[in-house]
Structures are given as structure tokens and as C-alpha cells.
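> Turn this into a model:
(chains A and B)
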Amino acid sequence: GAGVSQSPSNKVTEKGKDVELRCDPISGHTALYWYRQSLGQGLEFLIYFQGNSAPDKSGLPSDRFSAERTGGSVSTLTIQRTQQEDSAVYLCASSLALFGKLNNLANYGYTFGSGTRLTVV
Amino acid sequence: EDQVTQSPEALRLQEGESSSLNCSYTVSGLRGLFWYRQDPGKGPEFLFTLYSAGEEKEKERLKATLTKKESFLHITAPKPEDSATYLCAATYSSASKIIFGSGTRLSIRP
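A predicted model of the protein is given here:
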């Protein structure tokens, strides 16, 4: 597609429920990233995919959070047993960068989606 | 600890009043320093990448500069449409991710 697409754009869920957030990256982008942005805060790194594998998942806050990517394209971020502190905007980004090829990363930066605003009530 | 710090948190300017936003970084082996613009309800939009101290890049009313410890985003004669949050970010030699600062909320009054 023309840009990074995320769905849903807004999600309100009850505490304790599971949620799935979807990201469709730009076609051909090998790298995919999930970030979380809380109100008034910077972007917090969650996980990075290169193809279908996740070389860096160091930012996932707890074992309630998981993510997968299939076909080197669509990614799903799943939050189990949601808590109120999970409320935030979840941003996905994709890049042409190849893992370890930092010059490519620096050239292209990331292209972000518009995010999913998650509210846990 | 690798981190990126931006100041001020918020800046209100009159249309045409030039100013600068600051980004200081403490990352080992900086490989790229990025500036993004974020409008409310949208994802960040890529503006610039800077690689080495002394480098400068320009786009319309914006100019980004880089030293060994910080980067500045200069805005010249801003217009109301320049109002947004400006995010600074950095990547370093062993990283596969970008570290973001908390941003500067810029508001330009007509």
C-alpha cells in the first residue's frame, strides 16, 4: 500500500480482556517496529521484526504482550488480560532497512502508521 | 544509559518569530540522529537524518544541525501550520531500533 496502515484506529476494552492490534507495513519493507506512546511521553520501543523473526523484543513490558509477523508483511500485537496502564497509542513503523545495515536505516528512517489508540476501562 | 532529551517541552511563538528546539543525546557510537514531526492523532512524519557533527539539513523553514552532543532544529519565520510536536531520535552502532525523546510541542500564533 501507499503507507503503513493500522487497525483499529481506536479501541476501548474492559480491563482483563485480550486485544489484537494490526499493522500492514509498506509493501517491500523488510523491517517492522512497534512503539507505544503514552500521553505526553516519548515513543517507547516494544519490538522489532526483520522478516518474520524478532531479533529484538526487549521493549515488551511483560509476558502479557506478544507480537507476530507472517509472510514478511502483516504484524499483530496482542495484549492479554489488559490493564489500565496499557492505555496508550500503539504505533507501528516500517523501513527498508536490513538488520545490521545501519546506513540504510539512517537513510530512510521509519514510516509510521497513524496508530491505534487503546483505552482500557 | 543511552537516552535522548529534548527541550523545551513546549514552545509558543508568534508567527514570524524564529527560534530553536534542542535535542541532547547520550548514545555510544551515534549512527544517525533523526527529526520527526507529529500532528495530533497521527504518526510521526520523517523530516531529517543527520550522520555526523557539523552536518546541516534544510527543508522549507526548518534547518537541523548536529554537534557531538546535541542537535538543534531551527525554525525561521514560522507559520501557524508549523504547529506540531517535533520529535528527536537517535540510533547507535549496536542498535536495531531508534530511541526517541519526549518531544517539543510547538505552537505558532497568527
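
> Could you use CA atoms for every contact and neighbour count after this?
Fine.

> I figured B:K63 hits B:T49, correct?
No - shown here, B:K63 and B:T49 do not form a contact pair, counting by Cα atoms under 8 Å, at 11.3 Å.

> Spatially nearest residue to B:I98, not counting backbone neighbours?
Nearest residue to B:I98 in three dimensions, chain neighbours excluded: B:T91, at 4.8 Å (Cα to Cα, 6 or more residues apart in numbering or on different chains).

> Report the separation between the residue of chain B found nearest chain A and A:Y90.
The minimum distance from chain B to chain A, using Cα to the nearest Cα, falls at B:S102 (3.7 Å). Plainly put, B:S102 is 15 Å away from A:Y90 if you go by Cα to Cα, to the nearest Å.

> Settle it for me: which of those two has more neighbours?
The residue with the greater number of neighbours, taking B:S102 and A:Y90 and applying other Cα atoms under 10 Å in any protein chain shown, is A:Y90; the counts read 26 against 22.

> Confirm that A:S114 sits in a strand.
No - when classified by DSSP: H, G, I helix; E, B strand; the rest coil, A:S114 is found to be coil rather than part of a strand.

> Give the other helices and strands that the helix or strand the residue nearest to B:I98 falls within contacts.
When secondary structure is defined using DSSP states H and E, the element that contains B:T91 is strand B:84-92. With contacts defined as 3 or more Cα pairs under 8 Å, 6 or more residues apart in numbering or on different chains; DSSP states H and E, strand B:84-92 has these neighbours: strand B:3-7, strand B:30-38, strand B:99-100, strand B:104-109.
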